[in-house]
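Undergrad: please work out how this folds:
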Amino acid sequence: MEDKITIIEGPPPTFEAVPEGWVLSLSESPLLSDIALTRLRTFNGPALVERCYRAWSQSKTIHLEFKNEEGLEYQAPIMAARAVENEDGHMLLLWVRLDQEEVEMEIDFDDDFGDDIDDDFGPYNL
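TA: This is a model prediction of the structure:
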């Protein structure tokens, strides 16, 4: 059984900060890390979620493997997974653990007040 889910083609995934409280239970660890959500289009989302469940039921870690913006391979442990289907096909939602040293945080601000806010902020960016 594979211990990773690999992104073969396309741009690096975009990671989003997760404001939901239940996510805090996923990050209980002596290591400093952040839990982030990424949304991936896939051919068969339920099969990939099943692969995660099989690894977790055997107390194994499963990783998301992808190339970052510099083209270097990176792996992030998958902490939770969910498959959803929409009009475009299957979507895989993965909550992954990102090391704080490896994460560049960008915050996306809504410009509701008419101020010119520098758009250097957005979702997690590796």
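Undergrad: show the subsequent helix or strand relative to the least confident helix or strand in the chain by mean pLDDT.
TA: In the chain, no helix or strand scores lower on mean pLDDT, DSSP states H and E than strand 16-17, which sits at a mean of 82. Note on strand 16-17: by DSSP states H and E, the next helix or strand toward the C-terminus is strand 33-42.
Undergrad: circling back: list the neighbouring strands of the least confident helix or strand of the chain plus their orientation.
TA: strand 33-42 (antiparallel) (DSSP bridges).
Undergrad: and the longest strand that the chain contains, which strands flank it?
TA: Of all segments of type strand in the chain, defined using DSSP state E, the longest is strand 73-86. Note on strand 73-86: by DSSP bridges, its sheet partners are strand 63-67 (antiparallel), strand 89-99 (antiparallel).
Undergrad: now render these as CSV, adding distance to residue 53.
TA: (Each C-beta comes from the backbone N, C-alpha and C, glycine too.) Shown next, in CSV, are the strands paired with strand 73-86 (distance: least, Cβ to Cβ, whole Å):
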stretch, distance to residue 53
strand 63-67, 15
strand 89-99, 13
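Undergrad: in terms of mean pLDDT, which of the ones you listed ranks lowest?
TA: Ranked by mean pLDDT, these end with strand 89-99 at the bottom, a mean of 89.
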